[in-house]
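**Q** coordinates for the following, if possible.
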Amino acid sequence: MLTSSGDPIVSSDLPDTIRRTEEAREPGLSLTERAERDLIARTLRSCSGNVTATASALGLAKSTVYAKLHRYNIRFDPGSAGPAR
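**A** The predicted model follows:
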């Protein structure tokens, strides 16, 4: 944060070692997108796969949650411990 030249902090503000590690982990998704994906997956799991309850808990329209489930390839498997990715 101390080396950031602006707001918000972008990946180019991070040291190369962190940026390379993050990019290698999941190319194509930003840190914000990964955080959003993880939040949606956790909320879906806590709502037992109920998309309406998930949307309500997140303060989003159900159609938005469905779009993000599709975008992040999140599927809820009731037989597992949580959403499959």
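**Q** excluding its backbone neighbours, what's nearest residue 33?
**A** residue 72 (7.7 Å; Cβ to Cβ, 6 or more residues apart in numbering). The C-beta positions use only the backbone N, C-alpha and C, and glycine is treated the same way.
**Q** so what's the residue count around that neighbour?
**A** Using other Cβ atoms under 10 Å, residue 72 is surrounded by 18 other residues.
**Q** next: residue 76.
**A** 18.
**Q** that one and residue 30, how far apart?
**A** 24 Å (Cβ to Cβ, to the nearest Å).
**Q** also residue 70?
**A** For residue 70, the distance to residue 30 equals 18 Å [Cβ to Cβ].
**Q** can you check residue 66 too?
**A** To residue 30, residue 66 is 21 Å away according to Cβ to Cβ.
**Q** specify the local secondary structure of residue 28.
**A** Look at residue 28: counting by DSSP: H, G, I helix; E, B strand; the rest coil, its state is coil.
**Q** grab the nearest non-local neighbour of residue 51.
**A** Per Cβ to Cβ, 6+ apart, closest to residue 51 is residue 65, 5.5 Å.
**Q** for residue 40, grab the count of nearby residues.
**A** Residue 40, neighbours per other Cβ under 10 Å, totals 22.
**Q** same question for residue 8.
**A** For residue 8, using other Cβ under 10 Å, the count is 7.
**Q** next: residue 42.
**A** Neighbour tally, residue 42, other Cβ under 10 Å: 13.
**Q** what helix or strand is it on?
**A** Secondary structure from DSSP states H and E places residue 42 in helix 31-46.
**Q** ok now that helix, how far from the chain's centre?
**A** 4 Å (Cα atoms, centre = their mean, to the nearest Å).
**Q** now swap in stretch 41-49 and tell me
**A** On Cα atoms, centre = their mean, the centre of stretch 41-49 falls 13 Å from the chain's centre.
**Q** part of a helix, is residue 8?
**A** No. Read with three-state DSSP, residue 8 is coil and lies in no helix.
**Q** skipping its backbone neighbours, what lies nearest residue 68 in space?
**A** residue 40 (5.6 Å).
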